[in-house]
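*Asks:* here is a sequence together with a model predicted from it:
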Amino acid sequence: MASPAVLASEEAHSADEHAAEARVHAAEHSDEHAANATEEKEAFNPAEVIMHHIADSHGWHIFDWNDHPVSIPLPVILYTEKGLVVFSSSEFHHDQEGTHVVEAGGQRFVNIHEKIYYASDVANDHGVFAEMDHETHEVANATPWDISITKNVAALLFSAVVILLLFLPAARSYKKNPNAAPKGVAGFVEPLVVFVRDDIAKNNIGPHYKRFVPMLLTMFFFIWINNLLGLVPFFPGGANVTGNIAVTMVLAIVTFVVTNVNGNKHYWGHILWMPGLPVAVKPLLAIVEFIGIFTKPFSLMIRLFANITAGHIIVLSLVSLVFIFETVWVSPAAVLLTLFISVLELLVAALQAYIFTLLTALYIGAAMHEEHH
Amino acid sequence: MGIVTPGFGLIFWTTLTFFILLFLLAKFAWKPILKAVQDREESINSALKSAEAAKAEMASLQSNNEQLLKAAREEREAMLREARAMRDKTIADAKGAASEEAAKVLEAARAQIHYEKMSAMTEVKNQVAQLAVEMSERILRAELSDAKAQAAMVDRALEDVKLN
């Protein structure tokens, strides 16, 4: 049971490396293009656009106007050696190559591919205020702790507001009309709440399910609403929040902690010294089971991240068809396919929220399962 | 930022947002909603249960009613039967009394008739006897006007006596 997840993690790591390489190449290519063919219009590169979209950024890019990117500036918050530094992301002037230095709090920063570094004193041959490590092709400069309100953080906060606006009025309507049929937004959320309570929590956790219901409900709606907002193609939707590994990692860690904190004697007994097996096999199985503690939430993290990111990539690829073929005649096909995938993604949005919550409940249930002999 | 490298900032904000959301929702949304839903479930269950009880009560009332009705019907039937019997008995009694009376009257009449008849017979006998005596006196006077005839008569009488 543990091995596929381990493989998945390895795949993920190699994918990471590939992606990094691809980015380096893309950057080199674009540099070449910028150097060689300034008069020629740059060929459209869908991969770059898509990777740019699904990654996080310090400004919220809305659209391009006359070849000028228009984006909503977001606060850059850095915890540096000299304390907290805050400035607007617009001060980078859309620079992501490290050629524009921002001075703030008596320090100098550059933005290289949406990562913020301490700027070098002088620019290198390419005009970049950073030192490149020639072996790894990575920036060698030091980085401050970056807790900026990035695009994903802004989208996250927005979705939190949406969730609160959805459920607080619903809760109020129950207080106003106790013991009545649910009305309005309460009528919409009640079946979902009851579904999470009965079909996810009660069925999988067992008799002590009640104290996990608030967490599971929050998890379910947090994932679902973020998935849905990610499908909205314009501001303030469209951010790839649940397709970001940091977000899914936090959710998976919540599952990991809740599962293991609530693990009973029986659960740990099965992990460390599996009963009913020859003694020779027990240590071996203990290792496998111990790895399993981590691979379960790890698979949750990867599953949600990969599904949502894949959805975004497919939709963007189909939208990009018009630009790739450079003809409007492909647009009917592109629109139809995008529509089809978008509808599918609506299903995936709910399904992934359900699966994440269901598996969390299942893991908690397994950790709290009482021995029956 | 690589797409599979979790960024520190987003981890920080996600954790913060998630737990604030968890706190706010748990306190102000999930608790009242879950409580309301559970309360309503309980009230629906109790309402169903009381409806069931009311139905059972109704059924028992109905069967009671039916029993009452049945009893009443039986009682009425019994009363009718009694009344009919009484009537029959009264009629029969009256008939019996009447016929007895009639028989008595008849008997009395018969006795009277018998008596009347007897007395009439006696009177007739008396008159016949008187007539016979008068007749025989006249005949005897006529017959016994001569001695010879008287002697012959005595002889016959004597002969009759011998015979008896």
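*Replies:* Cool, the structure landed. Numbering: from 1, shown residues only, chains lettered A, B, ... in the order given.
*Asks:* near chain A, which residues of chain B are found?
*Replies:* By CB under 8 Å from any CB of the partner chain, the part of chain B that sits against chain A consists of B:1-15, B:17-18, B:20-22, B:24-26, B:28-37, B:39-40, B:43. From N, CA and C alone the C-beta is placed, and that goes for glycine too.
*Asks:* which ones among the residues you listed are found in strands?
*Replies:* For the residues of chain B next to chain A, not one is inside strands, with DSSP state E as the criterion.
*Asks:* okay, helices next: where are they in the stretch 1-150 of chain A?
*Replies:* Ranges of helices in the stretch 1-150 of chain A, per DSSP state H, counting those that start in this stretch, are A:2-36, A:46-54.
*Asks:* between the ones you listed, which gets the lowest average pLDDT?
*Replies:* Among these, helix A:2-36 carries the lowest mean pLDDT, a mean of 43.
*Asks:* for chain B, see how far away the residue nearest the centre of chain A is.
*Replies:* The centroid of chain A falls nearest to residue A:244 when counting by CA atoms, centre = their mean (1.6 Å). Distance from residue A:244 to chain B, counting by CB to the nearest CB, to the nearest Å: 6 Å.
*Asks:* tell me the confidence at that residue?
*Replies:* The model's pLDDT for residue A:244 equals 90.
*Asks:* so it makes contact with residue A:151?
*Replies:* No: in this structure residue A:244 lies outside contact range of residue A:151 using CB atoms under 8 Å: 9.9 Å.
*Asks:* neighbours around residue B:60, how many?
*Replies:* Per other CB atoms under 10 Å in any protein chain shown, the neighbour tally for residue B:60 reads 10.
*Asks:* ok, it - contacts?
*Replies:* Applying CB atoms under 8 Å, 6 or more residues apart in numbering or on different chains to residue B:60 gives no contacts.
*Asks:* which strand or helix spans it?
*Replies:* In the assignment (DSSP states H and E), residue B:60 maps to helix B:31-143.
*Asks:* okay, buried residues for whatever helix or strand residue A:257 lives in please.
*Replies:* Per DSSP H and E, residue A:257 falls inside helix A:245-261. Within helix A:245-261, the residues scored as buried using 16 or more other CB atoms under 10 Å in any protein chain shown are A:245-256, A:258-260.
*Asks:* and the residues of chain B next to chain A, which are buried?
*Replies:* Neighbour counting with 16+ other CB under 10 Å marks B:1-4, B:6-7, B:9-15, B:17-18, B:21-22, B:24-26, B:29-30, B:32-34, B:36-37, B:40 as buried within the residues of chain B next to chain A.
*Asks:* return the subset of those lying in helices.
*Replies:* Using DSSP state H, B:9-15, B:17-18, B:21-22, B:24-25, B:32-34, B:36-37, B:40 are the members of these that sit in helices.
*Asks:* packing partners for the longest helix belonging to chain A?
*Replies:* For chain A, the longest helix by residue count, based on DSSP H, is helix A:282-325. With contacts taken as 3 or more CB pairs under 8 Å, 6 or more residues apart in numbering or on different chains; DSSP states H and E, helix A:282-325 sits against helix A:2-36, helix A:46-54, helix A:213-231, helix A:245-261, helix A:265-272, helix A:331-368.
*Asks:* average pLDDT across that helix?
*Replies:* 91.
*Asks:* ok, stretch B:23-34 next?
*Replies:* On average, stretch B:23-34 scores 92.
*Asks:* hmm, who's touching that stretch?
*Replies:* A:163-164, A:167-168, A:170-171, A:174-175, A:186, A:189-190, A:193, A:197, A:213-215, A:217-218, A:221.
*Asks:* swap in 6 Å and give it another go.
*Replies:* By CB atoms under 6 Å, 6 or more residues apart in numbering or on different chains, the residues outside stretch B:23-34 that reach it are A:167, A:168, A:171, A:174, A:175, A:193, A:214, A:217, A:218.
*Asks:* so can I have a markdown table of those residues showing distance to residue A:157?
*Replies:* As requested, the contacts of stretch B:23-34 are exported to a markdown table (distance: CB to CB, whole Å):
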| residue | distance to residue A:157 |
| --- | --- |
| A:167 | 16 |
| A:168 | 16 |
| A:171 | 21 |
| A:174 | 26 |
| A:175 | 27 |
| A:193 | 23 |
| A:214 | 21 |
| A:217 | 20 |
| A:218 | 15 |
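*Asks:* which regions of chain B lie under the pLDDT threshold?
*Replies:* Counting by pLDDT under 70, chain B contains low-confidence ranges at B:1-2, B:162-164.
*Asks:* middle-most residue in it, spatially?
*Replies:* Nearest residue to the geometric centre of chain B (CA atoms, centre = their mean): residue B:81, 1.6 Å.
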